[in-house]
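*Asks:* next input, structure requested:
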Amino acid sequence: MDNAPELPVSAFEKWDTGDDADFYVQPRFVTHIDNAAIAALTAFYREVLPAGGVILDLMSSWVSHLPPEVSYAEVIGHGMNEAELTANSRLGRRFVQDFNRNQQLPLEDSSVDAATICVSIQYLQHPVEVLREVARVLKPGKPLIIGFSNRCFPTKAVAIWQSLDGTGHAQLVTLYMKLAGFEGMETKVLCDGHASDPFIVVLGRRAF
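*Replies:* As a prediction, this is how the structure comes out:
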């Protein structure tokens, strides 16, 4: 992987090498974690995401799991399916882009107050490059929240993700963020998986 000598290129191979745009062409109006995990994530967003700020929801879908009672200046959504993004009522701006082909975000430097990636980090073949772009568009000191569970589309998840457990996933995401220039990373287990889907978040902040 570019700029990550700690990890071999083979770590980011995936079983399905077909065009990702073809895989995501059909909208999927489903949620990929259960209601308890969603509620825990929404509660965490309520604590961390700044009310009245500009929120960047990357690798989004028809729902963003943001607290419904909180108003934001703007929520910018990115995804792989236009119909899903259009159905997401929280998004004020949206764009479709394949990060495995183009990692550059169409946003200005230091223009975003917080960014989120929910249950999708496992599909990135150039995660550090994407997260460097996230750092570029975030204001200094502002948060990036990456959340994940044990669910995925296995044919599209990268090899290293599929070889790890939840603890390993958290360590991997922390490494991605460190290499991308984030600091102060914290891992929080929001759901341990006993009564619901497991759900973990890693929180980091753009360096000043």
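*Asks:* tell me where the protein has strands.
*Replies:* Along the chain, the segments classed as strands by DSSP state E run 54-58, 74-79, 93-96, 114-118, 143-148, 182-191, 199-206.
*Asks:* within its sheet, name the partner strands of the shortest one and how each one runs.
*Replies:* The sheet places strand 93-96 alongside strand 74-79 (parallel), with pairing taken from DSSP bridges.
*Asks:* swap in the first one?
*Replies:* With DSSP bridges as the criterion, the sheet partners recorded for strand 54-58 are strand 74-79 (parallel), strand 114-118 (parallel).
*Asks:* what's the angle from that strand to strand 143-148?
*Replies:* 30 degrees (axes from the mean of the first three to the mean of the last three C-alpha atoms, to 10 degrees).
*Asks:* give the burial count for residue 98, as a bare number.
*Replies:* Residues within reach of residue 98, counting by other C-beta atoms under 10 Å, total 12. Just so you know, the C-beta spots here come from the backbone N, C-alpha and C atoms, and that holds for glycine as well.
*Asks:* let me fix that, I meant to ask about residue 33.
*Replies:* 23.
*Asks:* right, and the strands paired with strand 54-58 - which one's nearest residue 208?
*Replies:* Closest to residue 208 of these is strand 114-118 (C-beta to C-beta; 15.7 Å).
*Asks:* give me the contact list for the closest one.
*Replies:* 41, 45, 48-50, 53-60, 64-65, 134, 137-138, 142-148 (C-beta atoms under 8 Å, 6 or more residues apart in numbering).
*Asks:* please apply the same query to stretch 155-169.
*Replies:* 7, 10-16, 20, 23, 122-125, 148, 150, 152, 154, 171-172, 189, 193, 198, 200.
*Asks:* ok, of those residues, which come out buried?
*Replies:* With burial judged by 16 or more other C-beta atoms under 10 Å, the buried subset of the contacts of stretch 155-169 is 7, 11-12, 14, 20, 122-125, 148, 152, 172, 198, 200.
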